[in-house]
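>>> here is a sequence with its predicted model. Questions after.
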Amino acid sequence: MGDTRITVAKYLQIRLEQMGLKHLFGIAGNYTAPFLNTILEDKQAKIQVINDTNEINAGHCTDAYARLNGFAAVAVTYGVGAFTLLNSVAGSFVEHCPVLVINGAPTSSDQLKNIAQGLLSSHMTGDMYSNINVYRNVTVAAEQVTGAADAPYKIDALLNACILYGKPVYLEVFEDVWRMKCEAPVTELVKRSLKGCQENARKAAQKVAKLAAGKEIIFWAGEEIQRYGIQKEFLALIEETDTEFVTSILGKSLVSEDHPKFKGVFNGNASPKDVKERFEKAGVKIALGVWTTGKNLGGFDVWNEDTVLASHSGVRIGAAYEPNVSLKDFMNYLAEELLKVKFEAYQMYGDAPLKASFFVAAAKENMKTVITYDSFFARINKFINKEHIVVSDAGFPLLGCQGIRIAEANGFVAQASWLSIGYSVPAATGIKCARPDKRAVVFVGDGAFQETCQAISTQNKLKHNTIVFVLDNEIYGIEQLLVNPNPFRGKDKVDYPLPDLNDVYAYNEMHAWKYAKLVDVFGGKGFEVSDMEALEEVLVQLDDIQENTIIHVHLPKTSIPEAIAYKNAKPGEDEFLNPKWDLC
C-alpha cells in the first residue's frame with residue numbers, strides 16, 4: 001500500500017480549494033514560500049496567487065473579496081508582514097468578514113536558537129508567541145503549527161471557526177513544517193452555521209407584534225442580513241407584511257435599491273435630511289441586523305421604547321430582551337406574528353417617488369460650473385448602473401455615496417465601521433477578482449488615496465478596468481470638521497481671536513499630487529477635472545475605456561456633503577471654551 005500522506009502545505013491547499021477559494025492574496029516571504037510554491041508547482045491548482053504591493057493593501061483586498069465570495073485568505077511573512085497586515089484584519093474582525101490569515105514563521109531550529117542562544121533570525125522579536133498573541137485580539141481562533149501531527153486538526157478547526165462565526169482566523173506555520181508529511185483529508189469540511197433558540201425567536205416576534213399593534217411600522221435593515229446571506233427571508237418579510245424599509249449605511253445594497261419598498265439609507269443625523277425626518281416619525285422602527293456603531297446610528301437613540309433592535313443573536317423590545325435568537329428565525333416568525341395583529345405599514349413618502357429623497361440640495365448645484373460634493377454625487381447617481389460595484393472610502397465620500405441608487409444586491413462596498421482610510425482602492429482589487437463580470441467604481445478622498453494608491457499598480461497588472469475618482473479638496477476634510485468645523489461655516493463662520501480656529505489646521509493640509517499623472521507610473525488612463533462640464537466629458541468616455549482609470553476631481557476646500565452640514569451648527573472638539581456656545 002502506497003504512502004497516502006501529503007505535505008502540510010498541500011493539505012492546506014486542498015482545504016482552501018474545498019472552501020471555494022480561487023484567489024490567494026498577500027506578499028511573499030521566505031517563511032511562507034514553501035506553501036506558495038506548492039500552489040505554484042501544481043498546474044491543476046484552482047487557486048491563483050495574487051502578489052500585492054504591500055500587506056495593508058493585500059489585507060483590504062482580502063476583506064472585500066470575503067464580502068462577495070463568502071471566504072478569503074491572505075498570506076504574509078512573520079513579524080514585519082504580519083504586523084503590517086494587522087490593521088486590515090482588525091477591520092475584517094469588526095465588520096464580520098471571514099478571512100484566513102496565513103503567516104509563515106521561522107523554523108523550529110530558529111526558534112530553539114533564539115531560546116538557547118538569544119539568536120534572532122529575520123523578523124523575530126525574541127518572543128515566539130509575539131505574532132499569534134497579537135492576532136488573538138482580532139480573530140475568533142488562532143493556532144500555531146509547530147509539527148505535522150496536529151496540522152490537519154488545527155487547519156480544519158480554524159476554517160470551521162471562520163465560517164461558523166464569519167470572522168477572521170489566524171494560522172501560523174513554522175517554515176520547516178510546510179514540507180512535513182501529514183495524513184491527507186478523507187472527508188469534506190462540514191460548514192456549520194450558528195443556531196439560535198427557536199422558542200426565544202418566537203417569543204421575541206410575539207412581543208414585537210404586540211408593540212406594533214395599532215401603530216405604523218417600518219423596517220430598518222442592516223448588515224447582518226447581508227453577512228448571513230438571509231436576503232431572501234428579509235424580502236419575504238417585506239412582501240408578506242407589505243411594509244417599507246430603509247437600510248443602515250453598513251447594510252447599503254443588501255437588496256436591490258430598486259425595490260419599491262426601499263426608502264433610503266438611514267444613519268441618524270448623517271442621513272439625507274428628508275429620510276431622517278420621515279423615518280423618525282414612524283410609530284415603531286424595527287431594526288433587523290443593524291449594529292450599534294457610530295456611523296450606523298449617527299446620533300439616533302436606538303434605545304427608545306418605539307425601536308426594536310434585533311442583532312448580535314438577541315432581540316431588544318423596550319426593556320425586554322430575548323437572547324440566543326437567530327435573525328433568520330426571528331424574521332420568519334415576525335412575518336407570522338405581525339399578520340395576526342392590526343398594524344399600519346408606515347409610508348415615508350406617500351405617493352411621492354423615492355428620487356425626491358436623494359440629492360435635493362444638489363439639483364441647483366448642477367447648473368453651476370463648480371464641482372461640489374453634492375453636485376458631483378448627483379451626477380454620479382445617473383452614471384452608476386448594474387454593471388458597477390460602488391466602493392466608497394471613509395469620510396465625505398461615504399456620506400456622498402449613501403444616496404447613490406444601487407440597482408443590484410451587494411453592489412456597494414464600504415468599511416463603514418472600522419473606517420480605515422484608504423480601504424477603498426485596494427478593496428476594488430478584491431471585488432474585481434470575486435466578481436470579474438462587474439466593474440468597480442471607487443470614490444476616495446485625496447488623503448485616503450495617498451495611503452494606498454499603489455493598489456492601482458496591482459489592478460493594472462491584473463488587467464482590471466477599475467475606475468477611481470479621487471476627490472481632491474486639498475485637506476483631511478472629515479478630520480478638520482470633527483475637531484473644528486468653523487472653516488466650513490461660510491457666512492456663519494465665527495471670528496475667533498485665536499487665528500488657528502478660523503482656518504484649516506496646517507496638519508490637515510494634504511500633499512499636492514498630480515493624481516491623474518500616476519498612471520504614467522502604474523499604468524492606465526488619467527483625467528483631471530475642475531468643473532461639471534469637464535466631468536461630463538470624462539463620464540461619457542468611460543464606457544469605452546477598458547483599463548484602470550484615475551479621475552482627479554478638484555473640489556473647493558470647504559465644500560462638504562449636505563448630509564454632514566449639521567456639524568456646523570454645533571461646536572467642534574476644539575471650540576468648547578468659546579462663550580458663543582453657552583454649553584452650561
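Ah, there it is. Numbers count the residues shown, from 1 in each chain.
>>> so what's I163 up against?
M19, F71, P98, K191, R192, S193 (CB atoms under 8 Å, 6 or more residues apart in numbering). Where C-beta positions appear, they are placed from N, C-alpha and C, glycine not excepted.
>>> so, low pLDDT: which residues of the stretch 301-450 of the chain?
351-368 (pLDDT under 70).
>>> pick out the residue nearest the middle of the protein.
With distances taken as CA atoms, centre = their mean, the residue of the chain nearest its centroid is Q415 (2.7 Å).
>>> ok, N69 touching I431?
No - distance between N69 and I431: 9.8 Å, which falls outside the contact criterion (CB atoms under 8 Å).
>>> looking at those two, which is more packed in?
When N69 and I431 are compared for neighbours, I431 comes out ahead with 29 against 20, by other CB atoms under 10 Å.
>>> quick check: phi and psi on the more buried one?
phi -60, psi -40 (degrees, to the nearest 10).
>>> next, the contact list for the spatially closest residue to E537 that is not a sequence neighbour, please.
The shortest distance from E537 to any non-neighbouring residue, by CB to CB, 6 or more residues apart in numbering, is to V529 (7.9 Å). The contact partners of V529, taken as CB under 8 Å, 6+ apart, are I371, L535, E537, V538, I551, H552, V553, H554.
>>> phi, psi for V529 please.
Dihedral angles for V529 - degrees, to the nearest 10 - are phi -130, psi 140.
>>> checking E143 next. Helix, strand or coil?
Three-state call for E143 (DSSP: H, G, I helix; E, B strand; the rest coil): strand.
>>> distance of the residue nearest to E537 from Q541?
Applying CB to CB, to the nearest Å, the value for V529 to Q541 is 12 Å.
>>> check Y11 too.
Y11 sits at a distance of 49 Å from Q541 (criterion: CB to CB).
>>> more crowded one of the two?
Y11 (23 against 11).
>>> doesn't A184 make contact with the more buried one?
Yes - Y11 lies in contact with A184 (CB under 8 Å); the separation is 6.8 Å.
>>> who touches both of these two?
Common neighbours of Y11 and A184, using CB under 8 Å, 6+ apart, do not exist here.
>>> ok, L194 - contacts?
Here L194 is in contact with L164, Y165, S313, S326 (CB under 8 Å, 6+ apart).
>>> dump those to CSV, plus neighbour count.
Formatted as CSV, the contacts of L194 follow (neighbours: other CB atoms under 10 Å):
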residue, neighbour count
L164, 16
Y165, 16
S313, 17
S326, 21
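>>> can you redo those as a markdown table with secondary structure and distance to T139?
Compiled in a markdown table, the contacts of L194 are given as follows (DSSP: H, G, I helix; E, B strand; the rest coil; distance: CB to CB, whole Å):
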| residue | secondary structure | distance to T139 |
| --- | --- | --- |
| L164 | helix | 13 |
| Y165 | helix | 10 |
| S313 | coil | 19 |
| S326 | coil | 23 |
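>>> and stretch 167-183, how far out from the chain's middle?
28 Å (CA atoms, centre = their mean, to the nearest Å).
>>> what are the ranges of the helices in the stretch 201-350 of the chain?
223-227, 231-241, 273-279, 294-297, 327-338 (DSSP state H, counting those that start in this stretch).
>>> for those, which one sits closest to L481?
helix 294-297 (14.3 Å; CB to CB).
>>> would you check how far apart D110 and Y170 are?
From D110 to Y170 the distance is 20 Å (CB to CB).
>>> and the two? Which one has more around it.
Per other CB under 10 Å, whichever of D110 and Y170 has more neighbours is Y170, with 25 against 21.
>>> pretty sure the more buried one sits against N137.
No - using CB under 8 Å, Y170 makes no contact with N137, being 10.2 Å away.
>>> which residues does the nearest residue to K463 once chain neighbours are set aside contact?
Sequence neighbours aside, E547 is the residue nearest to K463 in space, at 7.5 Å (criterion: CB to CB, 6+ apart). Applying CB under 8 Å, 6+ apart to E547 gives the contacts N460, K463, N465, G523, G524, K525.
>>> which of those residues fall within strands?
Secondary structure from DSSP state E places K525 of the contacts of E547 in strands.
>>> closest one of the contacts of E547 to A58?
The closest of these, once distances to A58 are taken by CB to CB, is N460, at 16.1 Å.
>>> pretty sure the closest one sits against V521.
No - the pair N460 / V521 is not scored as a contact, 9.7 Å apart, by CB under 8 Å.
>>> among those two, which residue is more densely surrounded?
Neighbour totals were compared for N460 and V521, and N460 leads with 17 against 12 (other CB under 10 Å).
>>> where does the stretch 101-250 of the chain have low pLDDT?
For the stretch 101-250 of the chain, no range has pLDDT under 70.
>>> that one: strands as residue ranges?
Applying DSSP state E, counting those that start in this stretch to the stretch 101-250 of the chain gives strands spanning 141-145, 169-174, 181-183, 216-221, 245-247.
>>> measure the residue nearest to E537 to H554 for me?
7 Å.
>>> ok, V302 next?
Counting by CB to CB, the gap from V302 to H554 is 39 Å.
>>> which residues in the stretch 451-584 of the chain form strands?
Along the stretch 451-584 of the chain, the segments classed as strands by DSSP E, counting those that start in this stretch run 467-472, 525-529, 549-554.
>>> closest one to I50 among the helices of the stretch 201-350 of the chain?
Across the helices of the stretch 201-350 of the chain, I50 has its closest neighbour in helix 223-227 (23.8 Å, CB to CB).
>>> flag every buried residue along that closest one.
E223, E224, I225, Q226, R227 (16 or more other CB atoms under 10 Å).
>>> so who does the second one touch?
Spelled out, it's E224. Here E224 is in contact with H96, G251, L288, G289, V290, W291, S311, L327 (CB under 8 Å, 6+ apart).
>>> and for N87?
Counting by CB under 8 Å, 6+ apart, N87 has contacts I56, G59, S420.
>>> so how far is T139 from the last one?
From S420 across to T139, the span is 17 Å (CB to CB).
>>> the two - which one has more neighbours?
T139 (26 against 21).
>>> can you give me phi and psi for that one?
According to degrees, to the nearest 10, T139 has phi -140, psi 160.
>>> can I assume it is in contact with V169?
Yes - T139 lies in contact with V169 (CB under 8 Å); the separation is 5.2 Å.
>>> quick one: common contacting residues for those two?
With CB under 8 Å, 6+ apart as the test, T139 and V169 both reach V101.
>>> show me what contacts V553?
V553 is in contact with I371, F376, F469, V470, L471, D472, V529, L535, counting by CB under 8 Å, 6+ apart.
>>> same list, the residues you listed, but as TSV with distance to S271 please.
Shown next, in TSV, are the contacts of V553 (distance: CB to CB, whole Å):
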residue	distance to S271
I371	23
F376	19
F469	23
V470	26
L471	20
D472	26
V529	28
L535	26
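>>> that older thread, can I get the helices of the stretch 201-350 of the chain in JSON lines with distance to I6?
Shown next, in JSON lines, are the helices of the stretch 201-350 of the chain (distance: least, CB to CB, whole Å):
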{"stretch": "helix 223-227", "distance to I6": "33"}
{"stretch": "helix 231-241", "distance to I6": "39"}
{"stretch": "helix 273-279", "distance to I6": "56"}
{"stretch": "helix 294-297", "distance to I6": "45"}
{"stretch": "helix 327-338", "distance to I6": "38"}
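>>> tell me which of those helices sits most buried.
Across the helices of the stretch 201-350 of the chain, the average number of neighbours (mean count of other CB atoms under 10 Å) peaks for helix 223-227, which reaches a mean of 24.
>>> what are the structural domain limits within this protein?
The chain breaks down by automatic domain parsing into domains covering 5-183, 198-348, 358-568.
>>> sounds good, over and out.
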